[in-house]
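> could you work out the structure for the sequence below:
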Amino acid sequence: MRVRVFEHGVWRDADPQGLAALLAGQDAVVWADVQGPSAEDTAILRDVFRFHPLAIEDTQNQRQRPKAEEYGDHLFVILNPAEQTPQGAEFRELDVFLGGRFLVTVHPEPEPVVANAARRLEALGPSAKVSPALLFYLLVDTVVDGYLPILEALGDSAETLENDLLLRPQQRHLHRLFHLKRDLIELRKIVAPQRDMFNLLTRRDLPYLDRGDLQYYLRDVYDHLLRVSDMIETYRDLLGSGLELYMSATSNRLNQVVNRLTGATVVIGALAVITGFYGMNFEHTWPPFRAAWGVPFTIATMAATVWIVVRVLRRKP
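All right, here's what the predicted structure looks like:
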């Protein structure tokens, strides 16, 4: 656990053992970042911060979707930062406790979102009005901003896939399309609850926070989530049209193959009629079997028949 305290316009590190005294003060803003958590960290969350046991249990189960729970004097929020990997979008869990004078972040592994939020906070300078609401906003805004590169990569892949489907649809393109749709569905499952969650938080009056500070931050986050949701729906429609394009292109190629086979069948059938006539056991036929010009005449007739059939098949309806 790393504890940072903002007091008298300055950030400083503090000993986790002194958290009780810091929280009992009046001016300090406390940010406790917990990686794990260990048994000792869990004891601090339970005995010093007095978080609800259900919320502490959620920090130990890292397989959850975004949600927000109010527990009297603090708010518990589960966020899901995302990162683009060669295998697709990868989601993590970041648990946040928000109170009137503290912010507690819990994550199992080193979390880039926490480091990026800390850098953004330092970039604001000493004149910034630091509050738990501001810290919470920086965290959430960093999480939401992390969705945009993933969506842009999905959009570029979808457009490239659409162009490939127009040129020459193949089975591997269909596999790629389903892979992109799966990533998009996973992202939608993460973004949609957060959008609804922050839409609700913007309408709630949280008594343990300064409403004047928090409402603008929450609205900004909600606007970003709306933008992300709109992009997801746009790319969802694009991938849906890509699937329809693949099916149409495949059907069109099948029709072309069937047309070619039909033409070949008609040509072969016409030739079979001519050759079959001479295959019957007639004593007298025309041209006569013994005529010197009979074979060339028959071959010419067969060639003419092929030419006529091909011209008829190529004629536009």
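> from residue 250, how far off is residue 168?
11 Å (Cβ to Cβ, to the nearest Å). For every residue, glycine as well, the C-beta is placed using N, CA and C.
> ok, those two, which is more surrounded?
More crowded of residue 168 and residue 250, by other Cβ atoms under 10 Å: residue 250, with 15 against 9.
> skip ahead from the one helix or strand the more buried one maps to and say which helix or strand is next.
According to DSSP states H and E, residue 250 maps onto helix 211-279. Counting by DSSP H and E, the next helix or strand C-terminal to helix 211-279 is helix 294-314.
> just the mean pLDDT for that following helix, thanks.
Mean pLDDT, helix 294-314: 85.
> can you tell me the closest non-neighbouring residue to residue 262?
Using Cβ to Cβ, 6 or more residues apart in numbering and skipping the chain neighbours, the partner closest in space to residue 262 is residue 313 (8.0 Å).
> and residue 54, how many residues sit next to it?
Using other Cβ under 10 Å, the number of residues around residue 54 comes to 10.
> SS state for the residue lying closest to it once chain neighbours are set aside?
Nearest residue to residue 54, sequence neighbours excluded (Cβ to Cβ, 6+ apart): residue 69, at 7.7 Å. Following DSSP: H, G, I helix; E, B strand; the rest coil, we place residue 69 in the strand state.
> what about residue 69, distance to residue 103?
Per Cβ to Cβ, residue 69 is found 16 Å from residue 103.
> so those two - more neighbours on which side?
residue 103 (24 against 13).
> so who does that one touch?
By Cβ atoms under 8 Å, 6 or more residues apart in numbering, the residues touching residue 103 are 29-32, 96-97, 132, 135-136, 139.
> just the ones of those in strands?
Among these, the residues falling in strands (DSSP state E) are 29-32, 96-97.
> low-scoring stretches of this structure, by residue?
127, 206-214, 316-317 (pLDDT under 70).
> domains of it?
Domains of the chain are assigned by automatic domain parsing as 2-250, 259-314.
> quick one: terminal-to-terminal distance for the longest one?
By Cα to Cα, to the nearest Å, the extent of domain 2-250 from end to end equals 58 Å.
> show me where the stretch 101-250 of the chain has helices.
All helices of the stretch 101-250 of the chain, identified by DSSP state H, counting those that start in this stretch, fall at 112-123, 132-145, 147-167, 171-201, 211-279.
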